[in-house]
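K.L.:
below are the sequence and a predicted model; questions follow.
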Amino acid sequence: MFFGKYCRSLDDDHRVVLPASFRIESGGAPGPSELIICAGFRGQSLLIFSPDGFAQFGARIRWSAGANPDELQRQLMHLYSSAVVSSLDRRYRFVIPQTLRELAGITKKVVFIGMTSRISLWSAEEWERMEASRGSSPPAAPPILDG
């Protein structure tokens, strides 16, 4: 399970270190040696998954109840066409490919956001802009927490 916010910097080879708390999968076993990175669905962000997490996320989109078939196709094409496999080295560094860096506006500093089953990756500048536009009030509670 992924949660928390972590700031990191890319090195000269466009590698970034995966935060320590994201390196362990359930049961205390070491995390995957490969990650799937793809374009996010909101804002200029990227999504990072374990290979199993990516397959599960695609299946959840595919079997969305009441989904419009054309929109469903668009979402799947967006997800799969931007996806790349990135290997972790022994220092838990991975390369963010140029096309995805450009898409997310990543130059040097990044922010990792744990989102339970996936990790959202932002350029530090874009994350700060988004946070500033949100203001000081917290977001509305999801419907499941109302009442």
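P.N.:
Okay, I see it.

K.L.:
how about the nearest residue to Ala20 once chain neighbours are set aside, what does it touch?
P.N.:
Using CB to CB, 6 or more residues apart in numbering and skipping the chain neighbours, the partner closest in space to Ala20 is Tyr92 (7.8 Å). All C-beta atoms are positioned from the backbone trio N, CA, C, and that covers glycine. Applying CB atoms under 8 Å, 6 or more residues apart in numbering, we find Tyr92 in contact with 17-18, 20, 23.

K.L.:
are any of the residues you listed buried, and which?
P.N.:
Listed as buried from the contacts of Tyr92 are 17-18; burial here means 16 or more other CB atoms under 10 Å.

K.L.:
closest to Met77 out of the contacts of Tyr92?
P.N.:
Leu18 (27.4 Å; CB to CB).

K.L.:
separation between the spatially closest residue to that closest one that is not a sequence neighbour and Val110?
P.N.:
Spatial nearest neighbour of Leu18, chain neighbours left out: Tyr92 (4.5 Å); criterion: CB to CB, 6+ apart. From Tyr92 over to Val110 the distance is 14 Å, taken as CB to CB, to the nearest Å.
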